[in-house]
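[1] coordinates only, sequence not included:
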């Protein structure tokens, strides 16, 4: 800390903070700086909190936000580790600094900052009483996955899974499972992916399942693992679940986990996506918290892909290109403007049917996938009859 300020400055700073009544402004931040210099043990925690909150005003101006966050990181490291809020503050400051650097396009610098979290990995168990901070951990393995460092990401997501399981209630557990299983698939560890996903999201003992979308996703993992029998059996179970949805809806019971359909769809497109060659970070398809700028880039690619698809002759390549576009549209609009997606899903089925008429060997599988996509979308729109029709047709194609 710098030299201790004089008594006049201290009195003025104390008065500023008392009159602010919790409001965070540039004046209160400056006052906190003065008090932290004068009484570091008592006011450094408050300074970090003020800096983090004030930086939020510059969320859309990372170049202005970064100096505030860098100051917060330095101050957070000076808080005594016995302070109850220290773990959450130091982790939040470091992760926010890294994400600011990502926003500015400084990916390499961001990864170096994320690497500093290694020394704090043992703190996760101390975050239970501070739920707002625990999600900051997800940014680290997500950045690793976007850098194709999936083995390291898997290790961190396994730690996150154990932490989430220890909580009495965890809304974050489904997303951790989805992120972990996606990374396991990339590494070819399909048996692990099936085991983790089944145990936490679709087993009868799980409080999250079984449900239609997660079962369809599990069937896709079985297919990727080369296990067609397990895939067919899982889809049969999903079809049985679909038949119960109208009754659940009429009784006021929510259609569980349908909000995750867009994330399941995004995961499912990975196999169709070409590797990036522009040096930019790749997509962590299974992650809920993408690095800044990546999700808008992903969404913006939809129009280009649709134009490319329309220029291709009828066949598998056109079907796949169109589905990549549809997945991007679903990622952007499924939660908020789902009516926009009816046409893309219908077009996907139509293109796959045309490919089937053309005699392509890949067409039956592509049509089955398009029908399953539309069935799930129709279920989210509570068109359970249409969903059941699509689902039955898809099962017929898969089994024959």
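    On my side now, so go ahead. Treat the numbers as computed from the prediction; the structure is a model and nothing was measured.
[2] Which SSE is immediately downstream of the helix or strand of the chain with the lowest mean pLDDT?
    Lowest by mean pLDDT, DSSP states H and E among the helices and strands of the chain is helix 131-134, with a mean of 46. Following helix 131-134 in sequence order, the next helix or strand is helix 139-146 (DSSP states H and E).
[3] Now do that next one: everything it contacts.
    Residues from elsewhere that reach helix 139-146 (CB atoms under 8 Å, 6 or more residues apart in numbering): 95, 98-99, 102, 110-111, 114, 117, 150, 152-154, 156-157, 160, 179, 182-183, 186, 281-284, 286-287, 289-291, 294. Using the backbone N, CA and C atoms, a C-beta is placed for each residue, glycine as well.
[4] same question, stretch 228-245
    194, 210-212, 215-216, 218-220, 222-223, 255, 372, 375, 379, 384, 387-388, 391-392, 394-395, 398-399.
[5] which regions of the chain lie under the pLDDT threshold?
    For the chain, applying pLDDT under 70 flags the ranges 1-2, 124-135, 168-171, 202-210, 246-260, 278-279.
[6] still on that earlier bit, please list only the buried members of the contacts of helix 139-146.
    95, 98-99, 102, 110-111, 114, 117, 150, 153-154, 156-157, 160, 179, 182-183, 186, 281, 283-284, 286-287, 289-291, 294 (16 or more other CB atoms under 10 Å).
[7] among those residues, which are in strands?
    Among those, no member is found in strands (DSSP state E).
[8] Report the buried residues of the host helix or strand of residue 396.
    Using DSSP H and E, residue 396 sits within helix 384-399. Under the neighbour-count criterion of 16+ other CB under 10 Å, helix 384-399 has 384, 387, 388, 390, 391, 393, 394, 395, 397, 398 buried.
[9] Could you do stretch 336-344 as well?
    Buried-residue list, stretch 336-344, by 16+ other CB under 10 Å: 341, 344.
[10] Centre of the chain to that stretch, how far?
    21 Å (CA atoms, centre = their mean, to the nearest Å).
[11] do stretch 13-21 as well
    Here stretch 13-21 is found 39 Å from its chain centre; the criterion is CA atoms, centre = their mean.
[12] try stretch 57-73
    The answer for stretch 57-73 is 23 Å, by CA atoms, centre = their mean.
[13] Distance from the chain centre to the single longest helix found in the chain, please.
    Across the chain, the longest stretch assigned as helix under DSSP state H is helix 228-250. For helix 228-250, the distance from its own C-alpha centre to the chain's C-alpha centre is 25 Å (CA atoms, centre = their mean).
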